[in-house]
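*Asks:* give me the fold of what follows.
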Amino acid sequence: MTDEIPPLLRPDQMSPMRAVADLDRFWQSLKGRWGFARPQLWCLVLGPQGEWTSMFMKIEDCPDRPDPAMIGHLFEVLTWVVVDHVTGGSVALMYARPGPDDHRSDDRRWARALDAAGRRARVNVWPVFLANDDRVRIAAPDDVAA
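*Replies:* Residues are numbered from 1 along each chain as shown. The predicted model follows:
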């Protein structure tokens, strides 16, 4: 993974995401060099070969701590989308918040909650990413450990 932010391409020009490094570059290109005004959750549905499906959702004004009911409903919707509309597809998620890269406990709570819901999902879910004003990173094992 690199510190250089790749240019954001149009969806039809994006290469399929076949590895975590591809997803890392994608999230970095969406984030750009700017930061975040408020906590948000970014959700992406990928096709069976890792291709962009243009099914992208950003939930803004997320609470500092994850709401299990909200995450449960979100995964119900994402599962429905994949099962009924993108057979064999997968889901990628990134929790983003304003502020420095200081590994806050709330970041870890979000990583744990999203990772746990992803492990229970009936569809393939990529590893969770975390972002802040300074960087984008994959949630480390320590982030998702209970």
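
*Asks:* could you point out the longest strand in this protein?
*Replies:* As assigned by DSSP state E, the longest strand anywhere in the chain is strand 52-60.

*Asks:* in CSV, could you pull the C-alpha coordinates for that strand?
*Replies:* Extracted C-alpha coordinates of strand 52-60, given in CSV (Å, rounded to 0.1, in the frame of the first residue of the first chain):
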residue,chain,number,x,y,z
TRP,A,52,-17.5,-1.8,-9.9
THR,A,53,-21.3,-2.1,-10.0
SER,A,54,-22.1,1.6,-9.3
MET,A,55,-23.9,0.5,-6.2
PHE,A,56,-22.4,2.8,-3.7
MET,A,57,-23.9,4.2,-0.5
LYS,A,58,-22.5,6.8,2.0
ILE,A,59,-24.2,7.1,5.3
GLU,A,60,-23.3,10.4,6.9
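
*Asks:* strand partners of it, parallel vs antiparallel please.
*Replies:* Looking at strand 52-60 with DSSP bridges, its partner strands are strand 40-46 (antiparallel).

*Asks:* list the contacts of the partner strand.
*Replies:* Strand 40-46 has contacts (CB atoms under 8 Å, 6 or more residues apart in numbering) with 16-17, 26-27, 30, 52-53, 55-62, 74, 78, 81-82, 86, 89-97, 110, 114, 126. Yep, even glycine has a C-beta here, placed from its N, CA and C like the rest.
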